[in-house]
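1. generate coordinates for the sequence data below:
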Amino acid sequence: MSVMTKIVMAAVLAAGAVALGTFGAGIASWIAAGAAVAIGTVATAQVSRGPNSAGFLVGIAACTMTLFAASAVSMAGAPLPMPVAAQLAAAPVLSWMALAIVYGRSGSSGALR
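-> Numbers count the residues shown, from 1 in each chain. Predicted coordinates:
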């Protein structure tokens, strides 16, 4: 499976984790967030060239944002309005997109050339 496919899967699972948490399925939300982080960690390992590379830093930030968004939605005291949930879902998706851009610009892939 290619790195870009893994990044897209992590982004979709991150958005799904927020959506599931919004609709009250807390356990499913955490499972989706865990799957996003697991797949994203593998993609980050393939993108990064060292501990201080841009791919490593953006990938770890994307994993962290995924967990923060899933926890914010699933631990909310009251049901969140849809615009708030959409913004919470957009943050990890945009960070996964940033990892895809870093990977495409690194010269390792044929994308974005």
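2. and the lengthiest helix in the chain, how far out from the chain middle?
-> When the chain is scanned for its longest helix (criterion: DSSP state H), the result is helix 82-105. Put simply, helix 82-105 sits 7 Å off its chain's centre (CA atoms, centre = their mean, to the nearest Å).
3. what comes up buried for it?
-> For helix 82-105, a neighbour-count test (16 or more other CB atoms under 10 Å) marks 85, 88-89, 91-93, 95-100, 102-104 as buried. In short, each C-beta sits where N, CA and C put it, glycine included.
4. try stretch 54-74
-> For stretch 54-74, a neighbour-count test (16+ other CB under 10 Å) marks 54-56, 58-63, 65-67, 69-70, 72-74 as buried.
5. could you pull out the helices for this protein?
-> Counting by DSSP H, the helices of the chain are 3-22, 26-47, 54-74, 82-105.
6. could those go into CSV alongside mean pLDDT?
-> Output for the helices of the chain, formatted as CSV (pLDDT from 0 to 100):
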stretch, mean pLDDT
helix 3-22, 93
helix 26-47, 92
helix 54-74, 90
helix 82-105, 91
